[in-house]
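**Q** Need coordinates for the below:
(one chain, ligands or ions: 2)
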Amino acid sequence: MHCYVCAQKGKETVAIATCIVCGMALCQEHLIRSDIDMWEGGYPVPRQKAKKKLPRILCHECYSALT
Ligand SMILES: [Zn+2]
Ligand SMILES: [Zn+2]
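**A** Numbering: from 1, shown residues only. Ligands and ions are numbered 1, 2, ... in the order given. Next comes the predicted model:
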């Protein structure tokens, strides 16, 4: 699978992760690994209270939508 963001720009970069929100494939350059506690409110994942904040992988679009 190739990075979706790079593919839109005509590059073929191998994706190393997928955004957990929208499922977009992402390369190192385009992913954001964040440990923001973002599931207050529940959707799209059922509300769960983890003891620790867990790192999540997001694309830039979802990151900006959630923060
Ligand atoms: Zn990329
Ligand atoms: Zn996303």
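
**Q** Correct me if wrong: C22 contacts C62.
**A** Yes. C22 is within contact range of C62, at 5.6 Å (criterion: Cβ atoms under 8 Å). The C-beta positions use only the backbone N, C-alpha and C, and glycine is treated the same way.

**Q** These two: who's more crowded?
**A** More neighbours surround C62 than the other of C22 and C62, with 20 against 13 (other Cβ atoms under 10 Å).

**Q** Does the helix or strand containing that one reach ligand 1?
**A** Element membership for C62 (DSSP states H and E) is helix 60-66. No. Using Cβ under 5 Å from the ion, helix 60-66 stays clear of ligand 1, coming no nearer than 10.0 Å.

**Q** What residues sit buried inside that helix?
**A** For helix 60-66, burial by neighbour count (16 or more other Cβ atoms under 10 Å) applies to 62-63.

**Q** quick check: mean pLDDT across it?
**A** When pLDDT is averaged over helix 60-66, the result is 90.

**Q** So which residues make contact with that helix?
**A** Contacts to helix 60-66, defined as Cβ atoms under 8 Å, 6 or more residues apart in numbering, come from residues 5, 19, 21-22, 24, 30, 32, 34, 36, 38, 58.

**Q** ok, now with 7 Å
**A** 19, 21-22, 30, 32, 34, 38 (Cβ atoms under 7 Å, 6 or more residues apart in numbering).

**Q** Filter those residues down to just the buried residues.
**A** Neighbour-count burial (16+ other Cβ under 10 Å) is assigned, among the contacts of helix 60-66, to 19, 21, 30, 32, 34, 38.

**Q** Next, give me the two most distant ones among the residues you listed.
**A** Farthest apart among those by Cβ to Cβ are H30 and M38. That separation is 18.6 Å.

**Q** What pairs with the helix or strand that I32 is a member of, parallel or antiparallel?
**A** Assigned by DSSP H and E, I32 belongs to strand 31-34. Here strand 31-34 has these sheet partners by DSSP bridges: strand 56-59 (antiparallel).
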